[in-house]
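Q: Next comes the sequence, and after it the predicted model I'd like to discuss.
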Amino acid sequence: MKADSSKEEVHPCFLRFVTDVKQGKYSGSSEITSKTLDLLKQLIADGEFSNAQGMMDTIRAHGRYLHKALPLHASVGNMARRVLKIVREEYAAGSKIIKNKSEEIDPQESLHKIITSVESGEDYSSHVPDLKSGVLEHISEFEMELETSIDNIAQQAQEHIHSNEIILTLGMSHVVESFLRKAAAHRKFDVIVVDCGPIGKGQQLAVSLAKSKINTTIIGDRAIVGIMSRVNKVIIGTHTVMANGGLRALRSCHAVALAAKHCSVPVFVLAPLYKLTPQYLCSYDQDGFNSYIAPDGVLDFSDHPTLSQIKRYCPVFDYVPPELITLFISNTGGHAPSYVYRLLSELYHPDDYEI
Amino acid sequence: MSRGKSNKDLESLKTEDVVQAVVVADNFSDAFVPMTNDVPSCLLPLVNTCLLDHTLEWLSNAGVQEVFLFCTRQVEKVREHVKNSKWSSEASPLLLNVIVSETCLTLGDAMRDLDAKALIRGDFILVMGDTVANVNLSPILEKHRRLQKTDKGLAMTVVYKYAGPSHPGRAPQDDILVAVDKKTSKILFHQKRVSSPDQKKVHIPMEIIMDLPSIDIYNDLVDTHVSVCSASVLPLFSDNFDFQTCEDFIKGLLMNEEILASSLAAYFLSDSEYAASVNSWPMYRNVTQNMIHRWTYPLVPDMLISDNEKPYQYLKGNVYKQHPVTLSRSSIIQDDCVIGGGSKVGEGSSITRSVVGRNCQIGNGVKIEDSFVWDGCIIEDKCSIIRTVVGCNCIVRQGASLSQGCILGQGVQCPAKFECSQRLQSSPGDEDFERIGDAAYIVKLDDDESDSEDGRAPQIWNELFSNENFDDEVDADSDVSSELSDASDRTMSPVLDDTNLFYNEVVDSLKRGFEDKLHCDNLVLEINSSRYAYNVSMREVNLLVVKAILNLPESDSYLTQLWQMLTYFMPILKNYIKNPVAQIDCLQALKEVAGAESEMLSGVVKFLKVLYDQDILSEELILKWHSDLKTDPESKDLCRVAAPFIKWLEEAEEESEEESE
C-alpha cells in the first residue's frame, strides 16, 4: 500500500466492516470497538510507511472514513484517535533515542515539555527505526486493556453496591449485566429493570439476572417516576460519553436521570474508557446527534387510517446532561463528570480531536 | 474417489453460500413517460438517489453477494452509472455483473434470455431495479430452502407485505387476493383486482377448500415484486414462452400445477420490514413518503453514505437537508421535505411535503407543495408548483403555475406565467406534440395504445397523484375500478377470459393461415400452443376450432367461402374431431353458430354432408344430435334446415340395411 495514495483509497476490509456493522452483525459496542482496533492494527502491519507522518495519514484517513460512515458509533472514531496517540508516543520515544536526548527525557511531561514536543512534532517525517513494531506492540497492550475493561469495571461492583439495596437500571447493557452479577456473588440486593420500549430489550436483561438468582422486577417506562422514591441507586450503561460528561444513552435515560435527581438518588454510569469521545452536543446539531428508526415497534404500517393523521418520531437515544450524573465508573476507577475533560486529554492528542 | 466426492461437496457448499440476485433494470412499461424518454426507469431519482442505487444498497445490506443486473433499454446509461458508482469499486460487497439484452420487451423475455445464458447456479433472488426495501433476505431464503426439502417442485417464494385495500402503499393495479395453505404456506389461488365494488364476490375453486384442512385467504396483501426463485424458474419461463410477466408465471403455475410440477409459496413480511417496487407515479409518491417517514430505515436519506455525497441532516418535522443548502431567512421549509445539496431557496418561498434535488435555484416567493423537483432545476420568482414532478435541469420561468399532476420531462423550459397540468417534454418527439415554448411540448399519450394496453393509467396517476386527501383517493379508486368492470363485464371470471383469448387467437391463426396458404399442420401446432398458453381443455378446443371455422367466412358470400375453407381446413378438422366426444363438441359448435348467425343456416346441410362424407361425423351421432334438437325450442330453425339431410341419412341407412339384407 502506498502511503501517499491512502487518502483516497480505503482498505476493502474497512468497507466490509462498515457493511457488517450496518447489517447488525456485531452485537455490542465493545465488539465493534475491538474489531475496529483489529482492523487498524492490520492496516499498520500490512502497510509500508517511510515515516510516522505517512502512517498517521493513513490511520487518519481510515478513521475519518469510519467516522463518516458510522457517525453514531463514536467509539470507532475513538479507536482511530487512540491509535494516533500511540503512534505519536512511539515516535516521540523513538526520535528522542535517535537524537540521543535520552538524558533529557522526563517521565512526567511538564507544560514546557508538551509545548516543545509539539514544536518538534510538527512534522513526523524523520525516519524512526522499529516504529512499526513499537506501535504494534503498544496496540497489543491497548487491546488487552480493552478486553479486560468490562471485567475491570465489574471488579469495582462491591464498592458501589451494598446489601439490601434496590438498584434501578434500564434496557440491556452487557457492562451492567456483568457488574450486577459480580456484586450478586457477594451481596444480596434487588434490581428493578425498566423495559425501555421495543428497542431497549430490558426483558432480556431481567431474564439473565433472574437466572443468576438476583431478585429482579421489570417495570414499564411509565412507572419510572413512581418507583424512584424506593430506589437506592441508579446504575446504567451508556452508548457514548460526550466531552462535557453528558451522555448519549438509550431513550428513557433522561427520564430516569431526572426522576433520580428529583428523589436525590445517585446515578452511576458504567462507561469503559473507549466510550469517552471528544465531541460535544452542539445546539445546532441537536437532531444529528440522535438516530431515528422506523416507527414499526410503536405503530403498524398497515394501520393507515391512524398513520395519515399523526406524525411519529422514534429516537433511539436520549441526551443526559452531566449535572444529572453522580459518578462515572470506568475501567480505571470512578470519576466525577467534571473530570471527563482531563481523562480525554490523557487519552487523545488535542490535534486528533477533530479527526 | 472419496476425495472427488468431498471436492464436490465443497463445491456445492460454496455455490450454496453465494447469494445471487437478479435485478431487472427495466419496468417494461411507459408509466414514467416522459421522464423515461432518455433515462431508464431504474435511474430515476427517488429522494435524490437513483432507484437502482437504493435497490443495490438494500441487496448489499441484505447479504447478497452477487448481482446480475439485467439491462434492456438505454444500456449505455446504466453501464456508465454502474461504472461510476461504488458498486463497481474493488471493495464493493457486491459482485455486479451487467447483462445486456436489448431485444427483451417483457420480464419473461429477460428470464428466457437469462436461462439461455446459464449464469445462475442455484436459488436466486429476483427483484426489479426500482425496489426500495430494508428486508433481510436470509430468513426468506432459509424458508425457501426448508420448504424445498419437503416440496421438490417449489419454484418461487413470493414476498408479500400487509396493507389493507385502501392503504396508500397499494397501487390499484396491484390489488390481489391470495389463498394460502396455512400449514405449508403454499399459494393455492391468486387473483388480481378484487376490490372493485361490482365484483364483491370471489370465486375460489371448491377443491382448494375441500382438499385442505385450513387455508388463509388474504385481501390485505401487497405484492412487493421481490421473490426467491429456485433454479427451475428460468427453464419454466423458457418452456412456456407465453409467460410474459411475473403475474403470468404465477397464474400459469397455479393452473398447470400438475403438468409443470411446480408450486409457489408465500412469505409475509413483518411490520418492521419494508419492500415496494416503484412502478408508477402513485407508488413513486408513496414510497418517497414512506422513506421520509423512515419506514425504510436504515434506507433513509441521512443514513445513506456514498463517498461523493455530502451527508444529510435530519431535522424536526421530517425535514432533511443536505450540506450545503442556502436558505433565505424568510423561507419556510416544513413537513416532510428533502432539500438536496447546493440548492438555494429565495426570500419568502415555502416548501411543503416536497423533495428538492441537488443544485436547484428556487427564486423568491415560490410555493412548492406535494411536488418533486429533481436535480439542477431553476424555478424563478413567484412560481407555484403544486402536485407536480419537475424533471432534471428544467427551467420554470417567472410566475408559472404548475399543478395537479403536471409532469415536466428533463430539460423542459416552461414559459413565464404559464399554467399547466399536463405532461411536458423538451423535444417535439416523433409525433409533433403541441409546442408551447422553446423546449416545451405537450405529451399526448397515444390514445389507441393506452386504450388497449392500460387505458386507465393516465387517469390513475392524475387522480392518485393529485389527491392528498385519502378519502378522495378511495373514491377515485372505486370510480376507476367501476369503469373497468363495465368494460370487462362479459368476462367475469379469469377462466372465461382465457377461453375468449384463445378463441380470438384461433380465429387469427386460421384467417392468416387461409390468406397466406399456410400448411394445416403448422396451424394445428399453432393452435395447440395457444391451447397450452391459455390452459383450455381439449373439449373446448374442439368446440372453439369448429366455431372459428364456421365464423370465418364473410357474410356476403358466405356459402362459397365456407366451402373453400372447409376443404382447406379439412386436415385440421380431421386432427381434432377424432372420437365420438369430439364429434359431439363439433355438432354443439354447429348448433351454437347456426343459432347466432342466420347465414349459417343455409350452410348447415352442406357442412354436415361434407363432414359425413369425410368420415368425420358418424351417422348415429348426427341422428342423435338432430333428435336432441327437436326437443329444444330455441333451435327450431336449425332443426328444420337440417331435416332434409337427416331424411337423406335415414334413407341411406335404410337402403344400406336393405342391401345388407
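A: The structure has been received and is ready for your questions.

Q: Regarding the closest residue to B:Ser262 other than its chain neighbours, what is its secondary structure?
A: Distance criterion C-beta to C-beta, 6 or more residues apart in numbering or on different chains; nearest residue to B:Ser262, sequence neighbours excluded, is B:Ala155 at 4.0 Å. (Each C-beta comes from the backbone N, C-alpha and C, glycine too.) With DSSP: H, G, I helix; E, B strand; the rest coil as the basis, B:Ala155 sits in strand.

Q: B:Ala155: neighbouring residues, count only.
A: 25 (other C-beta atoms under 10 Å in any protein chain shown).

Q: Would you state the helices of the stretch 51-200 of chain A in chain order?
A: A:52-69, A:74-98, A:111-120, A:131-155, A:157-160, A:174-184, A:197-200 (DSSP state H, counting those that start in this stretch).

Q: Which elements pack onto the first one?
A: In terms of contact count using 3 or more C-beta pairs under 8 Å, 6 or more residues apart in numbering or on different chains; DSSP states H and E, helix A:52-69 is assigned the packing partners helix A:12-22, helix A:29-46, helix A:74-98, helix A:131-155.

Q: Give me the three-state assignment for B:Glu634.
A: helix.

Q: Check B:Leu234 too.
A: Reduced to three states by three-state DSSP, B:Leu234 is helix.

Q: close enough to count as contact, it and B:Met111?
A: Yes - B:Leu234 lies in contact with B:Met111 (C-beta atoms under 8 Å); the separation is 5.7 Å.

Q: and the two? which has more neighbours close in?
A: Shown here are B:Leu234 and B:Met111; by other C-beta under 10 Å, B:Met111 has more neighbours (27 against 24).

Q: re earlier: could you check how far the residue nearest to B:Ser262 is from B:Leu59?
A: B:Ala155 sits 21 Å away from B:Leu59, taking C-beta to C-beta, to the nearest Å as the criterion.

Q: cool, and A:Ala336?
A: Distance from A:Ala336 to B:Leu59, by C-beta to C-beta: 49 Å.

Q: In terms of neighbours, single out the busier of those two.
A: Each of A:Ala336 and B:Leu59 has its neighbours counted (other C-beta under 10 Å); B:Leu59 has more, 25 against 12.

Q: can you pull the pLDDT of the more buried one?
A: Listed pLDDT for B:Leu59 reads 90.

Q: same question, A:Tyr348
A: So, for A:Tyr348, pLDDT stands at 91.

Q: how near is the closest residue to it other than its chain neighbours to B:Leu141?
A: Spatially, and ignoring its direct neighbours in sequence, A:Tyr348 is nearest to A:Arg81 (4.3 Å; C-beta to C-beta, 6+ apart). Distance of A:Arg81 to B:Leu141, computed by C-beta to C-beta: 40 Å.

Q: Quick one: name the residues of chain A near chain B.
A: Taking C-beta under 8 Å from any C-beta of the partner chain as the contact definition, chain A meets chain B at A:10-12, A:14-16, A:18-19, A:22-23, A:68-69, A:71, A:285, A:287-288, A:292-297, A:300-302, A:304-305, A:308, A:311-312, A:314.

Q: Setting aside sequence neighbours, what's the nearest residue to B:Asp151?
A: B:Asp151 sits nearest to B:Ser263 (C-beta to C-beta, 6+ apart), 5.8 Å away.

Q: Low-confidence stretches in the chain?
A: Just so you know, I chose chain A. A:1-8, A:23, A:99-123, A:283-288 (pLDDT under 70).

Q: nope, chain B
A: For chain B (pLDDT under 70), the answer is B:1-16, B:91, B:172-173, B:193-200, B:304-308, B:430-432, B:445-497, B:555-556, B:599, B:653-661.

Q: B:Gln413 - how many residues pack around it?
A: For B:Gln413, the neighbour count with other C-beta under 10 Å is 18.

Q: Test my guess that it contacts B:Gly437.
A: Yes - counting by C-beta under 8 Å, B:Gly437 is a contact partner of B:Gln413 at 5.7 Å.

Q: Around chain A, which positions in the stretch 201-350 of chain B sit nearby?
A: Residues of the stretch 201-350 of chain B lying close to chain A (C-beta under 8 Å from any C-beta) are B:220, B:271-272, B:274, B:293-298, B:300, B:302, B:305, B:311, B:313-318.

Q: go with 10 Å
A: Within the stretch 201-350 of chain B, the residues that sit near chain A (C-beta under 10 Å from any C-beta of the partner chain) are B:220-222, B:269-274, B:290, B:293-300, B:302-303, B:305-307, B:311-319, B:335-336.

Q: Check chain A and tell me which residue is nearest its centre.
A: A:Lys275 (1.5 Å; C-alpha atoms, centre = their mean).

Q: quick one, what contacts it?
A: Counting by C-beta atoms under 10 Å, 6 or more residues apart in numbering or on different chains, A:Lys275 touches A:29-30, A:33, A:74-75, A:78, A:149, A:175, A:237-242, A:247-248, A:269, A:328, A:330.

Q: residues contacting the spatially most central residue of chain B?
A: Most central in chain B under C-alpha atoms, centre = their mean is B:Thr245, positioned 5.4 Å from the mean C-alpha point. Each residue near B:Thr245 by C-beta under 10 Å, 6+ apart is listed here: B:Phe28, B:Thr106, B:Leu107, B:Gly108, B:Lys251.

Q: Compare the residues you listed and tell me which has the most neighbours.
A: B:Leu107 (25 neighbours).

Q: which residue sits closest to that residue in space, ignoring its chain neighbours?
A: B:Thr245 (5.3 Å).

Q: Narrow the residues of the stretch 201-350 of chain B next to chain A to those in helices?
A: B:Asn290 (DSSP state H).

Q: and the residue nearest to B:Asp151, how many neighbours does it have?
A: By other C-beta under 10 Å, neighbour count at B:Ser263 equals 20.

Q: List the beta-bridge partners for it.
A: B:Leu154 (DSSP bridges).

Q: Can you give me every residue that contacts it?
A: Going by C-beta under 10 Å, 6+ apart, B:Ser263 touches B:147, B:151-156, B:181, B:184, B:186-188, B:253-254, B:257.

Q: measure the residue nearest to A:Tyr348 to A:Val175 for me?
A: A:Arg81 is 21 Å from A:Val175, by C-beta to C-beta.

Q: Which of the helices or strands spans B:Ala179?
A: According to DSSP states H and E, B:Ala179 maps onto strand B:176-181.

Q: Quick one: residues in contact with that strand.
A: Residues outside strand B:176-181 that contact it (C-beta under 10 Å, 6+ apart) are B:158, B:160, B:165, B:170, B:186-195, B:202, B:204-205, B:208-209, B:211-223, B:247, B:250, B:254, B:263-266, B:268.
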